[in-house]
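# Here's my sequence, what's the structure:
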Amino acid sequence: MPYDPATPDVTHHVWRISHRALWRHWLKALGGCVLTIYSQFIVANTLAIHAILGWFGLALILWGLLAIAYQRVAHRYLCTSERIVERHGIIGGRRTPLHHPDIRLTQIRQSFLGGLLGYGDVEIFSSGSGSEDAIFKGVANPFSVMQVIDQQRSVWRTKDVTN
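Residues are numbered from 1 along each chain as shown. The predicted structure is shown next:
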């Protein structure tokens, strides 16, 4: 049965990459702000350096903010009562659906900084594969995400046993 948001009995959860997981891009934008301000107020000796630093700072700001927007829009993770779906891309892209009976294991990969800031990756392994089939990258509160996925899997197992 395909996912239909109008169907009330299908529960679903949607996640995206956490803003905290995009800290590198936030640093680019912040560095661009600092460089732009620095070029305006401190560097006044030569006009060429002043202009180059100002434009380079604006380019860094734009690069950082566009990277954040792309990451937030292009990556979407969905868990319904029947399957999980990992989606990447805006126009083209890749979509990885996994049905709950095929999921064998979920685990969390979290760096030291991810543990401090509260984000991490949820890796999902399905039967018949040696590596992860879907990765929910950089989601906030990865333990609660894994708990929702495992809860949906257990609901599916009880449905399967009763039918």
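# In the chain, which helix is the longest?
helix 47-74 (DSSP state H).
# immediately after that one, which helix or strand?
strand 75-80 (DSSP states H and E).
# So what touches that following strand?
With C-beta atoms under 8 Å, 6 or more residues apart in numbering as the test, strand 75-80 has contacts from 3, 10-17, 84-88, 136-139, 145, 148-149, 152. Bear in mind the C-beta positions are built from the backbone N, C-alpha and C, glycine included.
# What about these, which are in helices?
Per DSSP H, those map to helices at 145, 148, 149, 152.
# In contact with the second one, which residues?
Going back to what we said before, that points to residue 148. With C-beta under 8 Å, 6+ apart, residue 148 has these contacts: 13, 79.
# Could you do the third one as well?
Going by C-beta under 8 Å, 6+ apart, residue 149 touches 79, 84, 103, 106, 122, 124.
# same check, this time on the last one
Residues counted as contacts of residue 152 (C-beta under 8 Å, 6+ apart) are 11, 79, 80, 81, 84, 100.
# Please name the bridge partners of the second one.
Same thing as residue 79. Counting by DSSP bridges, residue 79 is bridged to residue 13, residue 84.
# Near it, how many other residues are there?
24 (other C-beta atoms under 10 Å).
# what do you get for residue 140?
17.
# so what's the closest residue to it other than its chain neighbours up against?
Leaving out its chain neighbours, the residue that sits closest to residue 140 by C-beta to C-beta, 6 or more residues apart in numbering is residue 18, at 3.8 Å. By C-beta under 8 Å, 6+ apart, the contact set of residue 18 is 118, 119, 138, 139, 140.
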